[in-house]
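Q: here is the input, now give the coordinates:
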Amino acid sequence: MGSGAGERGWAEWRPLLFPFLLSLFCAALSEQIRYRIPEEMPEGSVVGNLAKDLGFSVHELPTRNLRVSSEKPYFTVNAESGELLVSSRLDREQICGKKPACALEFEAVAENPLNFYHVNVEVEDINDHTPKFTQNFFELQISESTKPGTRFILGSAHDADIGTNSLQNYQLSPNDHFSLVKKEKLDGNKYLELVLKTPLDREEQNSYHLTLTALDFGDPSLSSTAQIQILVTDANDNPPVFSQELYRVGLLENVLPGTTVLQVLATDQDEGVNAEITFFFTEAGQITEFELNSNTGEITVLNTLDFEEVKEYSIVLEARDGGGMIAQSTVEIEVLDVNDNVPEVIFQSLPDLIMEDTKVGTHIALLKTRDKDSGQNGEIICVLEDDVPFKILASSGNTYKLVTDGVLDREQTPEYNITITATDRGKPPLSSSSSFTLRIGDVNDNVPVFEQASFVVHVSENNPPGASIAQVSASDPDLGPNGQVSYSIVASDLEPRALSSYVSVSAQSGAVFAQRAFDHEQLRAFELTLQARDQGSPALGANVSLRVLVGDRNDNAPRVLYPALGPDGSALFDTVPRAAQPGYLVTKVVAVDADSGHNAWLSYHVLQASEPGLFSLGLRTGEVRTARALGDRDAARQRLLVAVRDGGQPPLSATATLHLVFADSLHEALPDLSDRPAPADPQAELQFYLVVALALISVLFLLAVILAIALRLRQSSSPGAWGCLQPGLCVKSGPVAPPNYSEGTLPYSYDLCVAHTGKTEFNFLKCSEQLSSGQDILFNDSSGALFPLCESSESTSHQVSFL
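A: Sure thing, here's the model as predicted:
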């Protein structure tokens, strides 16, 4: 009934109070949002529009995710309207007890961006509790000899409400002998004393029945009653007397059960049974923490004390003598706080993941600290353990913000184990730690990195097409697509059109493949620029140079440049003075090799010689020199078969045949060449025998061939056989070289004329103009011989070579 009346009263003045309060709250929004409501509001009742008071629009509510962060869910926020609603029973007496002001403080948390707001809801008292006596029946024994003015302490009533709704007055039923006196303890609690106004006479009336009424001043007023029965006894002249009317003692909350609190003392001037004093708790049923020895008056601790639950005890003691007379005293026990509660860290908003590009100073989490102790024992210092790129900022009261304090790099630290330690200021201090794991999200902030700054690969020529010639690899420490690397060729010193026909690269593996067989003689090296690119957004890439060196293989045989063949394919002759001394440079075999390195390192060897020991051959130079002087028995015409080998494995070679004639002049050399047969060649004789054997098998065919050759030789015998000695044609023979080669020429030259028949006829011609070696005219035939043109009919030649 009282509760309903309180709600009706609240409903009458709430419309007038809210607008006024709202104007005050809006001005202080940046500090704290305050509301005032009565207790016992039904669940779902609207406290106020929290979203509107915070300045949020209706459109923002779905994204801001406004919610209440509180240890006990007294309130909740309507997600659609932003109104603050009552979500559980609000019993002011249960929440705040006898405190004059009852306020519930909590935080409202909003996201995007993350922030929190302090909210204070004051819960007002309504008259919903009736004053209640600790016992409904009091019995007093009063001696008839008790003098008027004597006072007897009565049990008081209790009202859980506060202010005018609490206990305010007592009334005693009308009588002639007794009255009430209200007194107040030092702690502010009120109690009653029953005062005897007139003497009692047991013989006239041995008992009295009174009614004691306790009232509050609520609207409507609530009350309760207790019955007092007074028994009039025979005279016991002296009541017990306590040594103190009020005992005060301080007691640490961590004292052990059984510890003595204090011992009260009471005396009685009577004798005998009337002087025997017994001690009692007047409200023994409500005192569970202490125990009283009824004989000695010693008070001991019965159960564990807790400062955080009860800070002070006020106990009324009663001393009763054997005659029934009573004396009362009050014992006030103050419980002293001990640092026995460990501080707590409570996370109110905690993310699982933050991105590594989060800016310094960004709010990450909200947290609160709590310590049930008081004073210095409840003062908390909150610190962040370990070296992490975060810091704690104190917000207000016991609320903190966790913000970033450094650059985050997921590749170095993918997650942080954050430990927050709360320590109080007690002695000794107590502390506790709370930890959580914060994962760092990846962003594409790392460029792919190649294993080397540049790559150089060696590939032998004649490689198989399609084979892998190189492998490049780049790493990207990012995750997912941000770390997936693909490869491509972005530049090269090859022609763009020809690039795809030379090499390609695998986009996934970075393997470089040859698309064709390389030729060292055509392409000795080329350079590629490869790019590694990740799949992030935006994508990041890095370039590296790959130089491909095409190695040489011994795939080219040496090529002899000198001695060269004549215009008709026959070998030329070199002349040697008969008086040549040992070491005389006769000629030089000149050869080249298109390969390189050891594959092009040439050596010269004599395979066959007409006179072994007559000539020496330079192993590396190819120079032919006389090894000794010409003897009388030595033939004038000599033949050397020279092999030119390269240094490859296996080596390749070529051969050259040198025809040397010992003569001091051309006149001497020509008859010797035409009349004297050449020395027998064992190899030639063997070939001749083979030909003869074959001829015997096919006689008819051979005879026909011989007849045809004989006829041909007769017809060809004409003065033109010595055409080379006719006016206008003269041959200057020097080191013969094809147009593509310029090296290998001897330091001297030979002048010769070549006849096409065996007839020995000489026409010594003289050129009308002296020619130098630079005036040679090159005929582009297969032999590559040089022929100077002369207009004179005479010529002078010192060295002659004939077929």
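Q: for this protein, just list every one of the helices.
A: 2-27, 50-53, 61-64, 92-96, 496-502, 666-675, 682-697, 699-716 (DSSP state H).
Q: residues in contact with the fifth one?
A: The one in question is helix 496-502. 489, 492, 494, 514-516, 518, 526 (C-beta atoms under 8 Å, 6 or more residues apart in numbering). C-beta: built from backbone N, CA, C; applies to glycine.
Q: and the least confident of those?
A: Ranked by pLDDT, the contacts of helix 496-502 bottom out at L494 (88).
Q: now it, nearest residue through space, not along the chain?
A: F526 (5.3 Å; C-beta to C-beta, 6 or more residues apart in numbering).
Q: that neighbour and S460, how far apart?
A: Look at F526 and S460: by C-beta to C-beta, to the nearest Å, they are 15 Å apart.
Q: the two - which one has more neighbours?
A: More crowded of F526 and S460, by other C-beta atoms under 10 Å: F526, with 18 against 13.
Q: correct me, but that one touches A491?
A: No - using C-beta atoms under 8 Å, F526 is not in contact with A491; the gap is 11.4 Å.
Q: can you map out the strands along the stretch 51-200 of the chain?
A: 67-69, 75-77, 83-86, 103-110, 115-124, 132-133, 137-143, 151-154, 157-158, 167-172, 178-184, 190-196 (DSSP state E, counting those that start in this stretch).
Q: now stretch 270-289: average pLDDT?
A: The model assigns stretch 270-289 a mean pLDDT of 84.
Q: what residues sit buried inside that stretch?
A: 270, 274-275, 277, 279, 281-282, 287, 289 (16 or more other C-beta atoms under 10 Å).
Q: okay if I get the residues you listed as CSV plus distance to D201?
A: Converted to CSV, these look like this (distance: C-beta to C-beta, whole Å):
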residue, distance to D201
D270, 21
N274, 20
A275, 25
I277, 27
F279, 31
F281, 33
T282, 28
I287, 37
E289, 44
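Q: just those residues now: which is nearest T211?
A: T282 (20.1 Å; C-beta to C-beta).
Q: give the closest residue to that closest one in space, chain neighbours not counted.
A: T282 sits nearest to V316 (C-beta to C-beta, 6+ apart), 4.2 Å away.
Q: quick check, pLDDT for the one you found.
A: pLDDT, read off for V316, is 91.
Q: show me the shaky parts of this structure.
A: The model of the chain has pLDDT under 70 over residues 1-31, 186-189, 234-237, 566-571, 666-687, 695, 716-803.
Q: what sits closest to the residue minimising distance to the centre of it if chain neighbours are left out?
A: Taking C-alpha atoms, centre = their mean, the centroid of the chain lies closest to E411, which sits 1.7 Å from it. Excluding the flanking residues, the one nearest E411 by C-beta to C-beta, 6+ apart is P477, at 4.0 Å.
Q: which residues touch that neighbour?
A: Shown in contact with P477 (C-beta under 8 Å, 6+ apart): 411, 446, 483.
Q: and these, which is closest to V345?
A: For the contacts of P477, the nearest to V345 is E411 (30.1 Å; C-beta to C-beta).
Q: wait, doesn't the closest one sit right on N446?
A: Yes - E411 is in contact with N446 according to C-beta under 8 Å; the separation is 6.2 Å.
Q: hmm, back to that, show me the two of the contacts of helix 496-502 that sit farthest apart.
A: I489 and F518 (16.4 Å).
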